[in-house]
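J.: Sequence and predicted structure, then a few things I'm wondering about:
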Amino acid sequence: MIAEHKHLVEQGAPLVELRLDYINGAVNVKRLLTDRPGPVIVTCRRQRDGGKYTGSEEERLLLLRTAIAEGVEYVDLEEDIAASVPRFGKTKRVISLHDFRKTPEDLTEIHERLSSLDPDIVKLATAAQHPRDNWRMLRLMKSSKVPMVGLCMGDIGTPSRILAGKFGAAFTYATFHHERALAPGQLSYQQMTEVYHYDEINADTEIYGVIADPVGHSFSPLIHNAAFHHLKLNKVYVPFRVPPDDLRDFLADAPKCGVRGLSVTIPHKEAVVKKLTRIDGAVRGVGAANTIVFQGEELVGYNTDYRAAMDSLEEALGGEKDDKSPLAGKVVLLLGAGGVARAIAYGLQRRHAGVVITSRTTARAEQLAQKVGGKVVEWGARHNVNADVLVNCTPVGMHPNVDDAPYEKHRLRPSMVVFDTVYNPETTLLIKEARARSCKVITGVDMFIRQAALQFQLFAEQEAPIALMRDVLKRAIGPVKY
């Protein structure tokens, strides 16, 4: 613990919590605190409060009182022991309450109780069951007359940790390593500082984010926050896990709490359309939105997947000639009939390409083909199509199943353009085999960065630093070895 504390201070951590309950055996408080490299909070959490301490309550209180006697900067005291551990010296008191089951309805009353126990800081940590719990906690923190730390645990609650600074938190919590989270939904110190730039978040910071369920796998926070930081924009991009049943409430709450724009991904791209007040032509044509911009009372929806895919394909085919798309008259075989396939099929229809759709779920392929005037072939007959362009819109080949490909390599022809919308890894097995057969290839990274850059332009109203965003994404997904 001493070594880890020193390492964190060297990394720039201004305040470190020492969890005495995580130390096995006897705890030498004096040794921990003598010559400490920076300020600390001393905490010794019982099992019923989410900790690991199994000794007697008398011994636990002695540890906390010893820390106070040694002049520790902060001590964390649960509500029920606050009165029995008196204030002494310069040590500040964090009076805390943890609820690992829910975020109680009576948050304000709980806050008032804790505020009456002579705190320097009130700490409330509750389990988020709905995205709305984040906003309730953050608003309470903003209105608190006593300095406060309020956060919601769990992956639904992660935004409360990132946005704490905007709403006036005394501080927020992170773990010292991403593999050692001490509470559900907790981010590492490195993530908080290098991805979200927490120290730069203030009351004027504009909030953007991605809504999904699940959301932890998304690379969007990495690339958008890198772009905001590079251009010195006072904006932060947050992952919001929004279960389908909470979508309506989230969209109603978000603009009231300072959210200015959202990326939208699985499973909300289609459902969100009904909640929008204005949509662009692509959303109308595709039936799905992947971007929302809040403009006053308006929720304006866009689909940047469509444009990103068309730009990628047209560039690979040599660009427009005589105002005519190079896709016109080309036979394009789409593998899959999901959300990405819908956006691409819509674009191909508008560019007068011949669209052939195949999917393991034939009914979905038929539904999409009917909408865009395309043809359908059975999945087992996909290799019989004499296609100029092959587009994989399925998750086949996506990490961790990197040894799978949706198309047989010996069926690939050098004249084909092969476009794989999977971006993690960038060099999927399909892309590797297409290159080996001298096909022209388009990777999912190209489309992902293009759609993100278009979103960034809608959010920031300026050009995106595309090269930087691509570099950040490529470093994050890393190379794949076959």
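T.: Everything's here; your move. Numbering: from 1, shown residues only.

J.: tell me what the helix or strand hosting residue 208 is packed against?
T.: Secondary structure from DSSP states H and E places residue 208 in strand 206-212. For strand 206-212, the elements it packs on are helix 220-230, strand 235-241, strand 259-264, judged by 3 or more C-beta pairs under 8 Å, 6 or more residues apart in numbering; DSSP states H and E. For glycine as for every other residue, the C-beta is placed from the backbone atoms N, C-alpha and C.

J.: Put together JSON lines for the ones you listed, with distance to residue 207, mean neighbour count and mean pLDDT on each row.
T.: JSON lines is the format used below for the helices and strands packed on strand 206-212 (distance: least, C-beta to C-beta, whole Å; neighbours: other C-beta atoms under 10 Å; pLDDT from 0 to 100):
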{"stretch": "helix 220-230", "distance to residue 207": "11", "mean neighbour count": "21", "mean pLDDT": "98"}
{"stretch": "strand 235-241", "distance to residue 207": "6", "mean neighbour count": "24", "mean pLDDT": "98"}
{"stretch": "strand 259-264", "distance to residue 207": "5", "mean neighbour count": "24", "mean pLDDT": "98"}
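
J.: Including distance to residue 203, could these go into JSON lines?
T.: As requested, the helices and strands packed on strand 206-212 are exported to JSON lines (distance: least, C-beta to C-beta, whole Å):
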{"stretch": "helix 220-230", "distance to residue 203": "17"}
{"stretch": "strand 235-241", "distance to residue 203": "12"}
{"stretch": "strand 259-264", "distance to residue 203": "15"}
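
J.: Any chance you could list what contacts the strand holding residue 208?
T.: Residues from elsewhere that reach strand 206-212, judged by C-beta atoms under 8 Å, 6 or more residues apart in numbering: 159, 163, 166, 218, 220-221, 224, 234-242, 247, 250, 257-268, 459.

J.: so which of the helices and strands packed on strand 206-212 comes closest to residue 402?
T.: helix 220-230 (20.3 Å; C-beta to C-beta).

J.: can you list contacts of that closest one?
T.: 195-197, 200, 208-210, 235-239, 263, 265, 449, 452, 455-456, 459-460, 464-465, 468-469, 472-473, 476.

J.: Residue 421 contacts residue 445, doesn't it?
T.: No - Residue 421 is not in contact with residue 445 according to C-beta atoms under 8 Å; the separation is 10.1 Å.

J.: neighbour count winner among those two?
T.: residue 421 (28 against 21; other C-beta atoms under 10 Å).

J.: nearest residue to residue 201 other than its sequence neighbours?
T.: residue 165 (4.0 Å; C-beta to C-beta, 6 or more residues apart in numbering).

J.: can you count the residues close to that neighbour?
T.: With other C-beta under 10 Å as criterion, residue 165 counts 20.

J.: who's in contact with residue 196?
T.: 162, 187, 221, 225, 236, 238.

J.: Go through the residues you listed and say which is closest to residue 74.
T.: For the contacts of residue 196, the nearest to residue 74 is residue 187 (21.0 Å; C-beta to C-beta).

J.: burial count for that closest one?
T.: The number of residues packed near residue 187 is 21, by other C-beta under 10 Å.
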